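>>> Attaching a predicted model along with its sequence, questions to come.
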Amino acid sequence: MAVTVTSPGRVNLIGEHTDYNGGWVLPAALSVSLTATLMPREDRRISVSARGYSGTAERTIDDAAGGDWSDPAVGSIIEAINLGLLKGGADISVQSSIPAGSGLSSSAALVVTLLKAAREAAGSSLSDTEIAVAARRVENDYIGVPCGIMDQMAVAISKPGEAMALDTSSLEYRVVALPKTHDMVVIHSGKTRKLTDGRYAERKEECDAAKAAFGTNHLCLLDPEAVEAADIDETVRRRARHCATEHRRVHASIEALESGDTCQFGALMVASHASMRDDFEMSLPAIDALVEDAVEQGATGARLTGGGFGGCIVACVDRAKRSEWQEALLAKHPKARFVDAITPE
């Protein structure tokens, strides 16, 4: 029996690279989405077709990841077999409106969607949180991306128009209402990126070095003053400082949104981008310029979103002024393009 499942992309409003460092994050689901149809097979073959890629990938459950576009799908089927959801391979068809390399969790959406489809095919009672944890294993252990749990949790659980305040240490979360007066607008910088290109892994290694230096698995819980006072390598200090301050910005952002203070939320977004640019060194000059101009053109706040080194920015914009703001920003940055917007009713 063929099973079809759809999952949303996600934008992270604030809390970057905190999810594998014991901190909080604030992602939100988007209207761009990925739909996959899965037909279980009895043999070991995996067939994957996806709009936007030429032809069909023919793989088996014995294949190792090799940098092919179909790796996430193969890893998902292998994980589904390990979970007892499938007995063999599968025929898979994928359609997606989530731009690849945009930092909007296209890979997580594919893995989560296929695991949910396998769950439905098996009639399993696995929870969405268990699906998210399994999806992270696919990214970490099969594809080799040392990501945290944020993307998978947001894609598996959150609903469009809502933000998810997530404690990545405990996986406890709550819904945070977004302001009805403002839109969260996602603009692609025109710079694509891949988490498998090594820079994401390099930041993870630097964070691991910081954890070793401070004797903790939770960089985000460090006191920023203690980070400043420590006698450590300066690069390691900057990475730890970003994690400790970004974690606190997430908490402050949740408070600002829940109290209706969009000005404070916007200021925190701007501070977050500065920390990503200067302390975590995950931005690019073109993205810095896009963020700066987004604010200059009237956004309450803006920042890079996602793993970094390309992809999208997210901006909090007064709904009444958004059309004029968006037109002016894209006119100034012709390589940038509108992707999606969260417009709470």
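In hand now; what should we look at? Numbering: from 1, shown residues only.
>>> what comes up buried for stretch 94-104?
Residues of stretch 94-104 classed as buried: 94, 96, 97, 98, 99, 100, 101, 102, 103, 104 (neighbour count, 16 or more other Cβ atoms under 10 Å). All C-beta atoms are positioned from the backbone trio N, CA, C, and that covers glycine.
>>> Make TSV out of those residues and add pLDDT.
Shown next, in TSV, are these (pLDDT from 0 to 100):
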residue	pLDDT
94	96
96	94
97	93
98	92
99	87
100	81
101	79
102	84
103	84
104	87
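>>> taking these one by one, which sit in strands?
Under the assignment DSSP state E, these contribute 94, 96 to strands.
>>> Residue 62: which of the buried residues of stretch 94-104 is nearest?
Minimum distance to residue 62 across those is 21.6 Å, recorded for residue 94 (Cβ to Cβ).
>>> Beta-bridge partners for that closest one, please?
Beta-bridge pairing for residue 94 (DSSP bridges): residue 36, residue 50.
>>> State whether it and residue 38 are indeed in contact, as I suppose.
No: using Cβ atoms under 8 Å, residue 94 makes no contact with residue 38, being 9.6 Å away.
>>> Strands of the stretch 51-200 of the chain, residue ranges please.
56-60, 90-96, 162-167, 172-177, 182-188 (DSSP state E, counting those that start in this stretch).
>>> quick one, which of those strands is packed in tightest?
With neighbours defined as mean count of other Cβ atoms under 10 Å, these peak in mean count at strand 182-188, which reaches a mean of 24.
>>> and residue 162, what is it in contact with?
Neighbouring residues of residue 162 by Cβ atoms under 8 Å, 6 or more residues apart in numbering: 28, 29, 175, 176, 177, 178.
>>> Tell me how many other residues surround residue 312.
Neighbours of residue 312 under the rule other Cβ atoms under 10 Å: 29.
>>> so it makes contact with residue 190?
No: using Cβ under 8 Å as the test, residue 312 is too far from residue 190 to be in contact (9.9 Å).
>>> any idea how the chain splits into domains?
What automatic domain parsing lists as the domains of the chain is 3-176, 178-342.
>>> From residue 37, how far out is the nearest residue to residue 267 once chain neighbours are set aside?
Nearest non-adjacent residue to residue 267, counting by Cβ to Cβ, 6 or more residues apart in numbering: residue 301, 6.3 Å away. Distance, residue 301 to residue 37, using Cβ to Cβ, to the nearest Å: 39 Å.
>>> just residue 302 next, same as before
According to Cβ to Cβ, residue 302 and residue 37 sit 37 Å apart.
>>> With neighbour numbers in mind, choose between the two.
Neighbour comparison, residue 302 and residue 37: the larger count goes to residue 302, with 27 against 17 (by other Cβ under 10 Å).
>>> Per-residue confidence at the more buried one, what does it come out as?
Per-residue confidence (pLDDT) for residue 302: 98.
>>> so what secondary structure elements neighbour the host helix or strand of it?
Using DSSP states H and E, residue 302 falls within strand 301-304. Judged by 3 or more Cβ pairs under 8 Å, 6 or more residues apart in numbering; DSSP states H and E, strand 301-304 is in contact with helix 262-278, helix 285-296, strand 312-318.
>>> which of these is buried the deepest?
By mean neighbour count, with neighbours taken as mean count of other Cβ under 10 Å, strand 312-318 ranks first of these at a mean of 27.
>>> for this structure, longest helix please?
Looking across the chain with DSSP state H, the single longest helix is helix 234-258.
>>> Buried residues of it, list them for me.
The neighbour-count check on helix 234-258 (16+ other Cβ under 10 Å) flags 236-254, 256-257 as buried.
>>> of all the strands of the stretch 51-200 of the chain, which lies closest to residue 46?
With Cβ to Cβ as the measure, strand 56-60 is the member of the strands of the stretch 51-200 of the chain nearest residue 46 (4.5 Å).
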